[in-house]
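Q: Would you be able to build a 3D model of this:
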Amino acid sequence: MDPACLRHTEIPGTSKLFADLSYHFDRVARFYRHNPHHRESYAAAAREVRYPDDRRAAVARVLEAQNPGNALVKRFAQSGTVAVITGQQVGLFSGPAYTIYKALTAARLAEDLNASGIPAVPIFWLATEDHDFAEVDHVWVFDAVHHPVTLRTEAPSGWQGKQRPAGGFPVEQPPIDELRRALAGFEHGEEVTALVADAYKPGVTMGAGFRALLAKLLGRIGMLTLDPLDPKLRAVGAPFMAEALAAAPDLKSVLLSRNKELDAAGYHAQVNVEENTSLFFLLENGERTPLRKKDAEFAALKDRAADISPNALVRPVWQDYLFPTVAYVGGPAELAYLAQSRVIYDRLLGRMPVALSRASFTLLEARAAKLISRYSLTIPEVLTPEESLKERIAHGLIPEAVASLFEETSAEVTRGLERLGVGLEGLDPTLAASLGKSRAKILYQFEKLRKKTERETLRRDARASEESRYLGALLYPHRHMQERFYSILPFLAQHGLDLVDRLYEVVQVDCPDHRVVTL
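A: Numbering: from 1, shown residues only. All right, here's what the predicted structure looks like:
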């Protein structure tokens, strides 16, 4: 595989904050602590880590219980070892493909740090606490003709409508048969289905199924996983949470100021914070409910600190209290969280890890690559709504002689109208103004005819119409980037389970670009 680089600024929907973090760090330096594009940043972040031996030993015991037999636990337990952390909500069947790309990036960075003399282990934080079940109860795959297919699981009776941590939801009827039908036309479809079925046995929780499948997919690469709902881990993190509860008024104040800073700089605040925003949830009776109190009243909950669940801005700081984190690998939204969370890091931890963007991929089949070349398209031109893509392909289908006639006629008409306008200006300026309005209508009708010709050409070429549908479905399904929409599963079914290992080999932590990989 020989990946081609595509700047994120060429991709639809890229935020200004993420673009500047990727390519102009000097513009966002005050919102982060370390420049992810400088290798020495990792050594600097490692030197800042203050991680007591008793905390390391307690967390190592949790990791061993959750990752029995994983040799990385022993490395973590050694004094001086740092952590490279990434994470994701525990989506059905591993969620979107970028879940795997996050894990690969964390593993690659840990390997690079070990090679440079900084002992490190990669850890995947399973976001089991999140209670938005609707975000994780489904997954998208595609079938052999590249039609998007959604697979879904239902919340059990009695669980619906309640704010329960999604990681604990039992998957009573995993949609294995639906997955098998969707992947039936691929060479490795049955192999992938069997792998998923082994991880998602009926009744498995969302968190356990996600962890099992992740372990199977990353088996040869090596990764520790962590479920933060573990009571023993929460006991280790309780002192931090007690301090955060006591500091709630100050944290709210600095967050409100930070959001104004981001806005003044032309950026966005990923998490809206207002005077009545709660930074904490309570885990009680199997539910996760927002704590609606005055900020000054949170300190009284310090004895229940182990039952407190942080919001998206406090969580990464709590995570990096629990671990000797040298770097956090995230997507654009998570890195935007950290621009806000830095003020909490400064207040409660006194350090902050390097914020590194995950590897970002678009996977192309040989057929897709040939079509893009045949129609003289670029990848950004394919990342467009289906109708727009059809028009672009149709433009390339017009016979060259007809296309030339359109260009020549358009130029001649434009020149003729310009000459006429000059003549009318000398005769009567009002006539010239009238021509100006008519000129726009004439050229509009001309362009309309050209587009009708393109559409008729496309209609007559059924194969080309299907090819435009295929390209759109593969690269920009439902107006989403491929990696954010589809699971990794159909790609594995088509190209083999070793695809994960092959992608790992092309991950480059020092490359900020989106990468297009032809398989």
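
Q: Please identify the buried residues of the helix or strand where L233 lies?
A: Using DSSP states H and E, L233 sits within helix 231-246. Residues of helix 231-246 classed as buried: L233, R234, V236, G237, A238, F240, M241, A242, E243, A244, L245, A246 (neighbour count, 16 or more other CB atoms under 10 Å). All C-beta spots, glycine's among them, are computed from the backbone N, C-alpha and C.

Q: same deal with stretch 369-384?
A: In stretch 369-384, counting by 16+ other CB under 10 Å, buried: L371, I372, Y375, L377, I379, V382, L383, T384.

Q: Kindly report the same for stretch 418-426.
A: Quick answer for stretch 418-426 (16+ other CB under 10 Å): L424.

Q: which ones are touching the residue nearest to P310 when sequence neighbours are not counted?
A: Spatial nearest neighbour of P310, excluding adjacent residues (CB to CB, 6 or more residues apart in numbering): W318 at 5.1 Å. Each residue near W318 by CB atoms under 8 Å, 6 or more residues apart in numbering is listed here: G237, F240, M241, A244, P310.

Q: still on that earlier bit, next, format the buried residues of stretch 369-384 as a markdown table and append pLDDT and secondary structure.
A: Compiled in a markdown table, these are given as follows (pLDDT from 0 to 100; DSSP: H, G, I helix; E, B strand; the rest coil):
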| residue | pLDDT | secondary structure |
| --- | --- | --- |
| L371 | 93 | helix |
| I372 | 94 | helix |
| Y375 | 89 | coil |
| L377 | 93 | coil |
| I379 | 95 | helix |
| V382 | 95 | helix |
| L383 | 95 | coil |
| T384 | 93 | coil |
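
Q: and which of those is nearest to A394?
A: Distance to A394, by CB to CB, is smallest for Y375 among those, at 9.5 Å.

Q: now the helix or strand A433 falls within, how far from the centre of its chain.
A: Assigned by DSSP H and E, A433 falls within helix 429-460. Remark: helix 429-460 is offset 42 Å from the chain centroid, using CA atoms, centre = their mean, to the nearest Å.

Q: Please name every helix or strand in contact with that helix.
A: Using 3 or more CB pairs under 8 Å, 6 or more residues apart in numbering; DSSP states H and E, the elements in contact with helix 429-460 are helix 386-397, helix 400-427, helix 462-475.

Q: will you turn those into a markdown table that also has mean pLDDT and distance to G167?
A: What follows is these, written out as a markdown table (pLDDT from 0 to 100; distance: least, CB to CB, whole Å):
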| stretch | mean pLDDT | distance to G167 |
| --- | --- | --- |
| helix 386-397 | 80 | 36 |
| helix 400-427 | 73 | 57 |
| helix 462-475 | 89 | 31 |
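
Q: which one of the ones you listed lies closest to T150?
A: helix 462-475 (13.3 Å).

Q: so what secondary structure elements neighbour that closest one?
A: Using 3+ CB pairs under 8 Å, 6+ apart: helix 462-475 touches strand 361-364, helix 366-374, helix 379-382, helix 386-397, helix 429-460.

Q: Pick the most deeply packed of those.
A: Stretch with highest mean neighbour count among the helices and strands packed on helix 462-475: strand 361-364 (a mean of 24; mean count of other CB atoms under 10 Å).

Q: doesn't Y51 fall inside a strand?
A: No. According to DSSP: H, G, I helix; E, B strand; the rest coil, Y51 belongs to no strand; its state is coil.

Q: show me the contacts for it.
A: F323, P324.

Q: With H8 as the reference, measure out to the spatially most central residue of the chain.
A: Nearest to the mean C-alpha position of the chain, by CA atoms, centre = their mean, lies G331 at 4.5 Å. Distance, G331 to H8, using CB to CB, to the nearest Å: 11 Å.

Q: quick one: contacts for I372?
A: I372 touches L364, T378, I379, V382, L471, counting by CB under 8 Å, 6+ apart.

Q: Q340: neighbour count?
A: 21 (other CB atoms under 10 Å).

Q: Would you verify that it is located in a helix?
A: Yes. Assessed by three-state DSSP, Q340 belongs to a helix.

Q: From what I see, it and S257 are in contact.
A: No. Using CB atoms under 8 Å, Q340 is not in contact with S257, being 10.5 Å away.

Q: can you give me the strands for the stretch 1-150 of the chain?
A: 4-6, 82-89, 120-127, 138-142, 148-152 (DSSP state E, counting those that start in this stretch).

Q: Figure out which of the ones you listed is closest to L113.
A: Going by CB to CB, the one of those nearest L113 is strand 120-127, 4.1 Å.

Q: Can you check what angle separates that closest one from strand 82-89?
A: Interaxial angle of strand 120-127 relative to strand 82-89 (axes from the mean of the first three to the mean of the last three CA atoms, to 10 degrees): 20 degrees.

Q: Quick one: residues contacting A369.
A: T518.

Q: from here on, count from 412
A: OK, 412 is where the count begins now, so the last one is A780.

Q: coming back round to it: just checking, which of the helices and strands packed on helix 873-886 comes out with the lowest mean pLDDT?
A: Mean pLDDT values for these show the minimum at helix 840-871, a mean of 74.

Q: Can I get stretch 627-641 as PDB, trimmed to CA atoms?
A: Taking Å, rounded to 0.1, in the frame of the first residue of the first chain, the C-alpha atoms of stretch 627-641 are listed here in PDB:
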ATOM      1  CA  LYS A 627      -9.400 -10.000  18.400                       C
ATOM      2  CA  LEU A 628      -8.800  -7.300  15.800                       C
ATOM      3  CA  LEU A 629      -5.700  -5.900  17.500                       C
ATOM      4  CA  GLY A 630      -4.400  -9.200  18.800                       C
ATOM      5  CA  ARG A 631      -1.100  -9.100  16.900                       C
ATOM      6  CA  ILE A 632      -0.500  -5.400  17.600                       C
ATOM      7  CA  GLY A 633      -0.900  -5.300  21.300                       C
ATOM      8  CA  MET A 634      -3.200  -3.000  23.400                       C
ATOM      9  CA  LEU A 635      -4.400  -2.700  26.900                       C
ATOM     10  CA  THR A 636      -8.100  -1.900  27.400                       C
ATOM     11  CA  LEU A 637      -9.700  -0.400  30.400                       C
ATOM     12  CA  ASP A 638     -13.300  -0.200  31.600                       C
ATOM     13  CA  PRO A 639     -13.600   2.900  33.900                       C
ATOM     14  CA  LEU A 640     -16.700   1.600  35.600                       C
ATOM     15  CA  ASP A 641     -14.500  -0.800  37.500                       C
END
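
Q: Check which residues of that stretch are buried.
A: Buried, per 16+ other CB under 10 Å, within stretch 627-641: L628, L629, I632, M634, L635, T636, L637, D638, P639, L640.

Q: what bridges to the fifth one?
A: Listed beta-bridge partners, L635: I534 (assigned using DSSP bridges).

Q: This completes my enquiry, with thanks.
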